[in-house]
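Student: With the sequence up front, the predicted model follows.
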Amino acid sequence: MKSICVLPGDGIGPEVVGCATRVLERVTDELELHMADIGRAAFRRSGEHLPTDTLAAMEASDSSLFGAVTSDEGTGYDSPVLRFRKELELFANLRPVKNIAQVSTAAMDLLIVRENTEGLYTMDEHEDDAGVTTRRRVSKYACKKIVEKAIDEARRTGRKGVCCVHKANVLRKSDGLFLQVFRDIARTHGQGLTFSDQLVDSAAAKLVTRPDAFDVIVTLNLYGDILSDLAAGVVGGLGFAPSGNMGDRQSVFEPAHGSAPDIAGKGIANPTAAILAAAMMIEHLGMTEEAAVIASAVSETYRAGDSTMDVGGNLGSHAFTEAVIKHVVKIERG
Ligand code: ATP
């Protein structure tokens, strides 16, 4: 048995996580799901967006499945997502992007490995009369961890090439350090893989014009955040982008999209990213076959012409999930 902390959160978070847990419960009875609050509901209960007991429940579980939270504007807001990434030392964010819905002809099958703890996401901002200064941290330690993770994942998933995406021509010291670490590790530990590097601006253009050009991208926090949404856009939108926050001792899986307040409560959110995030989670926990069944069932559902409203289909979240479950049953029966 594996214990899973389920954190639905705000907006469409509870809707898509509910769909994902329905699919999980169909493919395995080896999971114990425990609910915990995060985001606005947690704040109302405890005065914190990530309460201590929620963090403890995440720590005590084998993994967590998270939906989304709505960021509150204004000073004093402590992002629960940035906090759990930091507290659980989730240094890598894995974002696979694949063209499953076939809404475009893009032959994209990409893994973005994003540094998850530093860069511009340390909330280190200082205001003075003239403006605001934001400090951006790039450490040797974090560069080494993320490059090693990208190489490990490339090997584990049978991929061929790793491209380091950076802006070292302008940010010579910080991104220069990242590129140097990448080259050093590639030279000493890169047997069997090909290595390249590319500036982030030209990588963005290439993802659109040649979506098949990349295999694994390893990159810093902000670039990874933006490029993974861009890549998701190429294959249908944010409803298709699962992600896994990975550390040495813990992991949290989530759809890469936010809480989408504009469609929350309407039952029309695309649950694909959340369902695929759940598949990534059980694969990480060793349930490789069950994870593959979910991934195939999702692809088969789109192939059969059943699709969600964000890509021109007519199925709401619930009906789409039922269609996926039908394909799960079909695959399981052989
Ligand atoms: P937040 O403040 O939580 O980041 P947001 O609306 O600014 O929310 P996203 O939630 O990432 O950011 O949504 C961006 C756009 O993509 C919205 O128009 C939203 O409706 C759409 N979107 C996001 N996720 C989905 C989904 N699963 N299905 C359909 N549309 C989605």
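Tutor: The structure has been received and is ready for your questions.
Student: Roughly how far does Thr133 sit from Glu125?
Tutor: Between Thr133 and Glu125 the computed distance is 7 Å (Cβ to Cβ, to the nearest Å). C-beta here means a position set from N, CA and C on the backbone, and glycine is covered the same way.
Student: again, but for Gly244
Tutor: Gly244 sits at a distance of 28 Å from Glu125 (criterion: Cβ to Cβ).
Student: Check Arg155 too.
Tutor: 38 Å.
Student: Which one's more surrounded, those two?
Tutor: Arg155 (16 against 11; other Cβ atoms under 10 Å).
Student: Burial check on His284, number of neighbours?
Tutor: Around His284 there are 18 residues (other Cβ under 10 Å).
Student: ok, and the closest non-adjacent residue to it?
Tutor: Ser251 (5.8 Å; Cβ to Cβ, 6 or more residues apart in numbering).
Student: do you know how far the one you found is from the ligand?
Tutor: Separation of Ser251 from the ligand (Cβ to the nearest ligand atom, to the nearest Å): 21 Å.
Student: Give the bridge partners for that residue, please.
Tutor: Beta bridges link Ser251 to Met246 when assigned by DSSP bridges.
Student: Hmm, Asn245 and it touching each other?
Tutor: Yes: between Ser251 and Asn245 there is a contact under Cβ atoms under 8 Å: 6.4 Å.
Student: Overlap of the contact sets of those two?
Tutor: Common contact partners of Ser251 and Asn245 (Cβ atoms under 8 Å, 6 or more residues apart in numbering): Leu90.
Student: And these two? Which one has more around it.
Tutor: Asn245 (25 against 22).
Student: just the helices in this structure please.
Tutor: Residue ranges of the helices in the chain, as given by DSSP state H, are 13-27, 40-46, 52-60, 80-87, 140-156, 174-189, 200-209, 221-234, 272-284, 288-303, 317-333.
Student: how about CSV for the ones you listed, with mean pLDDT added?
Tutor: Formatted as CSV, those follow (pLDDT from 0 to 100):
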stretch, mean pLDDT
helix 13-27, 98
helix 40-46, 93
helix 52-60, 97
helix 80-87, 94
helix 140-156, 97
helix 174-189, 97
helix 200-209, 97
helix 221-234, 96
helix 272-284, 98
helix 288-303, 96
helix 317-333, 96
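Student: Pick the most buried one from those helices.
Tutor: helix 272-284 (a mean of 26; mean count of other Cβ atoms under 10 Å).
Student: okay, the angle between that one and helix 288-303?
Tutor: With axes from the mean of the first three to the mean of the last three Cα atoms, to 10 degrees defining the directions, helix 272-284 sits at 160 degrees from helix 288-303.
Student: Report all helices and strands that helix 272-284 contacts.
Tutor: Secondary-structure packing of helix 272-284 (3 or more Cβ pairs under 8 Å, 6 or more residues apart in numbering; DSSP states H and E): helix 13-27, strand 63-68, strand 92-98, strand 242-246, strand 251-255, helix 288-303, helix 317-333.
Student: what distance separates the last one from the centre of its chain?
Tutor: In this view, helix 317-333 has its centroid 23 Å away from the chain centroid, taken as Cα atoms, centre = their mean, to the nearest Å.
Student: got the residues of the protein near the ligand?
Tutor: Applying Cβ under 6 Å from any ligand atom, one finds that the chain approaches the ligand through 11-12, 16, 68, 70-71, 238-239, 257-263, 269-270, 273, 310.
Student: again, only using 8 Å
Tutor: Applying Cβ under 8 Å from any ligand atom, we find that the chain lies next to the ligand at 10-12, 16, 68-71, 229, 237-239, 255-263, 268-274, 308-310.
Student: In ChimeraX, how would I select just the buried ones from those residues?
Tutor: In ChimeraX, this line selects whichever of the residues of the chain next to the ligand come out buried by 16 or more other Cβ atoms under 10 Å:
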select :10,11,12,16,68,69,70,229,237,238,239,255,256,257,258,259,260,263,268,269,270,271,272,273,274,308,309,310
